[in-house]
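Asks: Predicted coordinates and the sequence they were generated for:
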Amino acid sequence: MKSLPYDDPRSFARQANLHCLFCTGAYEQQNSDTPLSIHRTWLFFPWHRMMIYFHERILGSLIGDHTFALPVWTWDIPEGMMMPDFYVNMNSSFFHTERDFSHFPPQMADLNYFADRNLSREEQLDTNLAFMYNQMVSGARKTELFMGCTYKANEGYCNAPGTVESAPHNTLHTWVGSNLNPGREDMGKFYSAAKDPIFYAHHSNIDRLWEVWREIYKHQLDIKDPDWLDSFFLFYDENLKLVKVKVRDVLDITKLGYSYEEVDRPWLNKRPSPSVPPKLARQILKSKENENQFQLSSDHVSFSDFRPHGRALDTSLTVKVNRSKDHLIKREKEEETIVVHGIEVKGDAYVKFDVYVNLIDQTIISPKFREFAGTFAHIPGGGEMMKRKINLKLGVSELLKDLEADQDESIWGSMSSYSLLN
């Protein structure tokens, strides 16, 4: 594949640039001047499934093996939390120079990466598993929260990623990318990510996790909107034939001729516990509020501080969030969400912040604890389309129940900001 000329759509360079074209706003929606976006929308999972499907078929055809299957980097389970050996073997065709060599084995992947933290292997493992529970289970109990925002033709644009797309998808892109490059290229930037062979193993696991999520919720959260089902893209197949593929065509992977090996998912049983007993935490929060400690602290703000032009998240912030009046009504099927609206990332760096609810101790923040609500992670290098304002939606119904705050009229939301600059 790497030896094919660039004018051959099956060549590795053309395959890599295909992702670049779609992720930088190079195309517009049909019969519209609105840029087409495959990230931060409900097209994220199906488009990438199509890409790796045809990539795999092309590779199999080139080597004359119709049974060929792409490697899957199962970084969500303990056995797969290091880069696979054949990606770090310098004599392997899967090796790539533009990676962070300090993250090669035995270094364990950090699924919520923002900077190297030198955690012990046990601590990193526990953090990763608790993080996966949040991203796949408690934070993904509503279709939009996992799949990304509803994105329809001629309705402008939406820009709100699902849980797994934000992380571990974005975070691992950055973790793999080279620390010697200004934007952690290749994996660390959208335009260059698919130049690294590990991109395809990474996205094979993303694809697998889509199937796992559908299974967890017994396909009850699957999208049935015909606008999504009939969305289509064009790909070159292994015979150099341009093929039109609809989203509905790729929803049954058995019809596509592949499946994923069944493996244990220890993160399913890693529901976090509060860092502080809930009753004690509520007493401390109430005491601080009564004593005006929040108002006296520079990192605690009110809603008025965000209007009308927002506020720079240049430090950790805590804000009191009033819940809707009908939150006391029992609604088993309705997920309560926190929305961080209109996020604008300036510059061209990897930016990340985590969101916590009713956090008492800023020194022990971690996805290992129930106060963790979710994360926002921004990969640069996606063109003008990716510079638009973003919404972050976090499902918190289970979290509030575990914090014994589900009947409270208000909660305290904290945002811890990080940026990674080389």
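Replies: Structure received.
Asks: Quick check: the gap between G413 and T34.
Replies: To T34, G413 is 32 Å away according to CB to CB, to the nearest Å. To be clear about C-beta, it is placed using only N, CA and C from the backbone, and glycine gets the same treatment.
Asks: These two - which one has more neighbours?
Replies: Applying other CB atoms under 10 Å to G413 and T34 shows that G413 carries more neighbours, namely 20 against 17.
Asks: partner residues bridging V319?
Replies: Following DSSP bridges, V319 is listed with bridge partners V301, G413.
Asks: what's around it, how many residues?
Replies: Neighbour count for V319, taken as other CB under 10 Å: 17.
Asks: Now do the same for it: its pLDDT.
Replies: What the model reports for V319 is a pLDDT of 89.
Asks: Is it in contact with L359, as I believe?
Replies: No - between V319 and L359 there is no contact under CB atoms under 8 Å: 11.6 Å.
Asks: Name the residues contacting each of those two.
Replies: 412, 414 (CB atoms under 8 Å, 6 or more residues apart in numbering).
Asks: In the stretch 201-350 of the chain, where is pLDDT below threshold?
Replies: Scanning the stretch 201-350 of the chain with the threshold set as pLDDT under 70 gives 292-308, 326-333.
Asks: Walking through the stretch 251-400 of the chain, point out its helices one by one.
Replies: 278-290, 293-296, 397-402 (DSSP state H, counting those that start in this stretch).
Asks: TSV please, covering the ones you listed and showing distance to T150 and mean neighbour count.
Replies: TSV is the format used below for the helices of the stretch 251-400 of the chain (distance: least, CB to CB, whole Å; neighbours: other CB atoms under 10 Å):
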stretch	distance to T150	mean neighbour count
helix 278-290	35	14
helix 293-296	36	13
helix 397-402	20	20
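Asks: out of those helices, which comes closest to D126?
Replies: helix 397-402 (17.2 Å; CB to CB).
Asks: Give me the contact list for the closest one.
Replies: Under CB under 8 Å, 6+ apart, the answer for helix 397-402 is 138, 141, 271-274, 278, 334-336, 357, 370-371, 373, 406, 408, 411.
Asks: just the buried members of these?
Replies: For the contacts of helix 397-402, a neighbour count by 16 or more other CB atoms under 10 Å gives the buried set as 138, 141, 272, 274, 278, 335-336, 357, 370-371, 373, 406, 408, 411.
Asks: Alpha carbons of stretch 151-161, as CSV, please.
Replies: Written as CSV, here are the backbone C-alpha positions of stretch 151-161 (Å, rounded to 0.1, in the frame of the first residue of the first chain):
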residue,chain,number,x,y,z
TYR,A,151,-26.5,16.9,12.5
LYS,A,152,-28.9,17.4,9.7
ALA,A,153,-28.7,18.9,6.2
ASN,A,154,-29.6,22.6,5.9
GLU,A,155,-29.8,23.1,9.7
GLY,A,156,-26.5,24.8,10.1
TYR,A,157,-23.9,22.9,12.1
CYS,A,158,-23.8,21.2,15.4
ASN,A,159,-20.6,20.8,17.4
ALA,A,160,-20.9,18.5,20.4
PRO,A,161,-18.9,15.3,20.7
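Asks: before we move on, the earlier item: tabulate the helices of the stretch 251-400 of the chain in TSV, adding columns for distance to F94.
Replies: Supplementary listing: the helices of the stretch 251-400 of the chain in TSV, determined by distance: least, CB to CB, whole Å:
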stretch	distance to F94
helix 278-290	47
helix 293-296	51
helix 397-402	39
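Asks: Isn't T315 up against S417?
Replies: Yes - the criterion here is CB under 8 Å, and T315 meets it with S417 at 6.8 Å.
Asks: which of those two has more neighbours?
Replies: S417 (16 against 10).
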